[in-house]
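Chemist: next come a sequence and a model predicted from it.
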Amino acid sequence: EASVWVATSSDIEGLATEAGTLEELRTKVLTMVEELLVLNGGSFAGSEIPVHIMAEDLSRVRNPAFN
């Protein structure tokens, strides 16, 4: 109902945000991931950390058999 995209993560403590578009959300998430990794004291091998952003859509159509 709020017409926003929402992001959370079970892997990065404190990651929860929302934005009006998917691209805005992506930008916010990538910034937050970097900041939260520093704040949470994360230590990772390699120069880059992959961030998977998955979008989900739930639509409904009327069931013609339901009266």
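Modeler: In hand now; what should we look at?

Chemist: now residue 35: how far from residue 65?
Modeler: According to Cβ to Cβ, to the nearest Å, residue 35 stands 51 Å off from residue 65. The way it works is simple: take the backbone N, C-alpha and C, and place the C-beta from them, glycine included.

Chemist: helices or strands up against the helix or strand harbouring residue 26?
Modeler: Assigned by DSSP states H and E, residue 26 falls within helix 22-39. Under the contact definition 3 or more Cβ pairs under 8 Å, 6 or more residues apart in numbering; DSSP states H and E, helix 22-39 sits against strand 5-8, strand 16-19.

Chemist: reformat the ones you listed as TSV; add mean neighbour count and distance to residue 60.
Modeler: Shown next, in TSV, are those (neighbours: other Cβ atoms under 10 Å; distance: least, Cβ to Cβ, whole Å):
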stretch	mean neighbour count	distance to residue 60
strand 5-8	14	19
strand 16-19	14	22
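
Chemist: of these, which is nearest residue 51?
Modeler: strand 5-8 (10.1 Å; Cβ to Cβ).

Chemist: what does the closest one rub up against?
Modeler: 15-22, 24-25, 28-29, 53, 55 (Cβ atoms under 8 Å, 6 or more residues apart in numbering).

Chemist: just stretch 18-34 next, same as before
Modeler: With contacts defined as Cβ under 8 Å, 6+ apart, stretch 18-34 is touched by 2-7, 12, 15, 17, 49, 51, 53, 55.

Chemist: closest one to residue 41 out of those, please.
Modeler: Nearest member of the contacts of stretch 18-34 to residue 41, counting by Cβ to Cβ, is residue 12, at 11.9 Å.

Chemist: surely the closest one touches residue 39?
Modeler: No - Residue 12 is beyond contact range of residue 39, at 10.0 Å (criterion: Cβ atoms under 8 Å).

Chemist: of those two, who's got more company?
Modeler: The neighbour comparison of residue 12 against residue 39 (other Cβ atoms under 10 Å) goes to residue 12, with 18 against 12.
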